[in-house]
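S.K.: structure for this input, please:
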Amino acid sequence: MEKILISACLLGLKCRYDGRDNLHALIESLKLKYTLIPICPEVEGGLTIPRIASEIVGTKVMNKIGEDNTDYFLKGAHIALQKAFDNGARIAVLKSKSPSCGIGQVYDGTFTNTLTQSDGFTVQILKNARIYVYTEHQIEELL
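M.R.: Below is the predicted model:
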(Lines give C-alpha, C1' and ligand atoms only; values in the text may rest on other atoms or scores of the structure.)
Protein backbone atom coordinates (compact mmCIF):
# COMPACT_ATOMS: atom_id res chain seq x y z
CA MET A 1 0.00 0.00 0.00
CA GLU A 2 1.09 3.55 -0.68
CA LYS A 3 2.24 5.46 2.39
CA ILE A 4 0.84 8.80 3.52
CA LEU A 5 2.33 11.13 6.11
CA ILE A 6 -0.60 12.29 8.27
CA SER A 7 -1.12 14.72 11.12
CA ALA A 8 -1.24 12.61 14.27
CA CYS A 9 -4.14 14.63 15.66
CA LEU A 10 -6.30 13.48 12.72
CA LEU A 11 -5.68 9.90 13.83
CA GLY A 12 -7.06 10.69 17.27
CA LEU A 13 -3.77 11.26 19.06
CA LYS A 14 -4.12 13.98 21.67
CA CYS A 15 -1.24 16.16 20.51
CA ARG A 16 -2.91 19.48 19.71
CA TYR A 17 -1.71 22.57 21.55
CA ASP A 18 -4.68 22.21 23.94
CA GLY A 19 -4.15 18.48 24.55
CA ARG A 20 -7.08 17.43 22.37
CA ASP A 21 -7.26 15.64 19.03
CA ASN A 22 -8.90 16.24 15.65
CA LEU A 23 -9.99 12.67 14.91
CA HIS A 24 -11.41 12.58 11.40
CA ALA A 25 -14.39 10.43 10.46
CA LEU A 26 -12.76 9.10 7.26
CA ILE A 27 -9.54 7.86 8.88
CA GLU A 28 -10.70 4.23 8.97
CA SER A 29 -11.49 4.37 5.25
CA LEU A 30 -8.10 5.94 4.56
CA LYS A 31 -6.40 3.11 6.50
CA LEU A 32 -7.96 0.57 4.14
CA LYS A 33 -6.28 2.14 1.12
CA TYR A 34 -3.02 3.59 2.52
CA THR A 35 -0.42 2.98 5.20
CA LEU A 36 -0.63 6.01 7.47
CA ILE A 37 2.56 7.45 8.97
CA PRO A 38 1.68 9.75 11.91
CA ILE A 39 3.54 13.00 12.54
CA CYS A 40 3.04 15.97 14.83
CA PRO A 41 5.75 18.39 13.75
CA GLU A 42 5.22 20.60 16.79
CA VAL A 43 5.75 17.75 19.25
CA GLU A 44 8.53 16.21 17.14
CA GLY A 45 10.19 19.63 17.18
CA GLY A 46 10.25 19.66 20.98
CA LEU A 47 7.06 21.42 22.10
CA THR A 48 4.99 19.98 24.94
CA ILE A 49 1.39 18.82 25.20
CA PRO A 50 -0.38 21.01 26.12
CA ARG A 51 1.38 24.15 24.97
CA ILE A 52 0.54 27.80 24.49
CA ALA A 53 -1.09 28.43 21.10
CA SER A 54 1.27 29.69 18.39
CA GLU A 55 0.69 31.54 15.14
CA ILE A 56 2.89 32.68 12.28
CA VAL A 57 3.97 36.32 12.58
CA GLY A 58 5.94 37.34 9.51
CA THR A 59 8.77 34.83 9.22
CA LYS A 60 8.53 33.63 12.82
CA VAL A 61 6.19 31.50 14.91
CA MET A 62 5.25 33.23 18.13
CA ASN A 63 3.11 31.92 20.94
CA LYS A 64 0.30 33.90 22.52
CA ILE A 65 2.54 35.25 25.29
CA GLY A 66 5.23 36.45 22.87
CA GLU A 67 7.75 33.60 23.01
CA ASP A 68 9.51 32.76 19.74
CA ASN A 69 8.89 29.11 18.83
CA THR A 70 10.29 29.31 15.31
CA ASP A 71 13.15 26.87 15.98
CA TYR A 72 10.73 24.20 17.27
CA PHE A 73 8.56 24.58 14.17
CA LEU A 74 11.53 24.44 11.79
CA LYS A 75 12.97 21.39 13.55
CA GLY A 76 9.59 19.63 13.43
CA ALA A 77 9.16 20.46 9.75
CA HIS A 78 12.54 18.94 8.91
CA ILE A 79 11.74 15.84 10.98
CA ALA A 80 8.45 15.49 9.07
CA LEU A 81 10.31 15.72 5.76
CA GLN A 82 12.84 13.13 6.86
CA LYS A 83 10.03 10.84 8.04
CA ALA A 84 8.36 11.17 4.63
CA PHE A 85 11.63 10.32 2.86
CA ASP A 86 12.43 7.43 5.22
CA ASN A 87 9.00 5.89 4.59
CA GLY A 88 8.71 6.67 0.89
CA ALA A 89 5.65 8.87 1.44
CA ARG A 90 4.92 11.13 -1.53
CA ILE A 91 1.62 12.38 -0.08
CA ALA A 92 0.78 14.12 3.21
CA VAL A 93 -2.59 14.84 4.81
CA LEU A 94 -2.21 17.63 7.32
CA LYS A 95 -4.45 19.63 9.67
CA SER A 96 -5.75 22.83 8.15
CA LYS A 97 -5.03 26.29 9.59
CA SER A 98 -2.14 25.10 11.79
CA PRO A 99 1.12 27.09 11.85
CA SER A 100 2.84 23.78 11.05
CA CYS A 101 0.35 21.93 8.90
CA GLY A 102 -1.96 24.60 7.45
CA ILE A 103 -2.32 24.57 3.68
CA GLY A 104 -3.25 27.80 1.91
CA GLN A 105 -4.57 29.43 5.07
CA VAL A 106 -3.15 29.85 8.57
CA TYR A 107 -4.04 32.08 11.48
CA ASP A 108 -2.56 35.54 10.98
CA GLY A 109 -0.59 36.02 14.21
CA THR A 110 -3.11 38.27 15.95
CA PHE A 111 -4.73 35.42 17.94
CA THR A 112 -8.17 36.67 16.86
CA ASN A 113 -9.13 33.60 14.75
CA THR A 114 -8.36 35.61 11.60
CA LEU A 115 -6.99 33.64 8.65
CA THR A 116 -4.44 34.77 6.10
CA GLN A 117 -3.21 33.24 2.84
CA SER A 118 -0.10 31.23 3.68
CA ASP A 119 1.19 27.73 4.34
CA GLY A 120 2.43 26.37 7.65
CA PHE A 121 6.15 25.70 8.11
CA THR A 122 5.90 21.93 7.55
CA VAL A 123 3.76 22.38 4.46
CA GLN A 124 6.28 24.80 2.95
CA ILE A 125 9.12 22.30 3.40
CA LEU A 126 7.12 19.32 2.13
CA LYS A 127 5.92 21.22 -0.96
CA ASN A 128 9.50 22.29 -1.73
CA ALA A 129 10.42 18.58 -1.68
CA ARG A 130 7.58 17.85 -4.14
CA ILE A 131 5.43 16.00 -1.66
CA TYR A 132 1.73 16.41 -2.44
CA VAL A 133 -0.02 17.97 0.54
CA TYR A 134 -3.74 17.79 1.30
CA THR A 135 -5.90 19.00 4.19
CA GLU A 136 -8.31 16.81 6.10
CA HIS A 137 -11.05 18.42 3.99
CA GLN A 138 -9.62 16.70 0.90
CA ILE A 139 -9.48 13.12 2.22
CA GLU A 140 -12.39 12.09 -0.01
CA GLU A 141 -10.24 12.96 -3.05
CA LEU A 142 -7.68 10.38 -1.89
CA LEU A 143 -10.36 7.72 -1.41
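S.K.: tell me the centre residue of this structure?
M.R.: C101 (2.7 Å; C-alpha atoms, centre = their mean).
S.K.: hmm, I125 and that residue touching each other?
M.R.: No - counting by C-beta atoms under 8 Å, C101 sits too far from I125 to count as a contact (11.2 Å). Where you see a C-beta, it was placed from the backbone N, CA and C, and this is true even at glycine.
S.K.: just the buried residues of the longest helix along the chain, please?
M.R.: Counting residues, the longest helix found in the chain (DSSP state H) is helix 70-87. By 16 or more other C-beta atoms under 10 Å, the buried positions in helix 70-87 come out as 70, 72-81, 83-84.
S.K.: strands of the chain, start to end?
M.R.: In the chain, the strands defined using DSSP state E lie at 2-7, 34-39, 54-57, 60-63, 91-94, 105-107, 115-117, 132-135.
S.K.: partner strands of the last one, parallel or antiparallel?
M.R.: When pairs are called by DSSP bridges, strand 132-135 turns out to pair with strand 91-94 (parallel).
S.K.: next, the angle from the longest helix of the chain to strand 34-39.
M.R.: 150 degrees (axes from the mean of the first three to the mean of the last three C-alpha atoms, to 10 degrees).
S.K.: helices or strands up against helix 70-87?
M.R.: The contact analysis (3 or more C-beta pairs under 8 Å, 6 or more residues apart in numbering; DSSP states H and E) places helix 70-87 against strand 2-7, strand 34-39, helix 41-44, strand 60-63, helix 121-128.
S.K.: thinking again about what came up before, which residue packs closest to the residue nearest to the centre of the chain, ignoring adjacent ones?
M.R.: The shortest distance from C101 to any non-neighbouring residue, by C-beta to C-beta, 6 or more residues apart in numbering, is to L94 (3.5 Å).
S.K.: how close does that neighbour get to R16?
M.R.: From L94 across to R16, the span is 13 Å (C-beta to C-beta, to the nearest Å).
S.K.: the two: who's more crowded?
M.R.: Comparing L94 with R16 by neighbour count (other C-beta atoms under 10 Å), the higher total belongs to L94, at 26 against 21.
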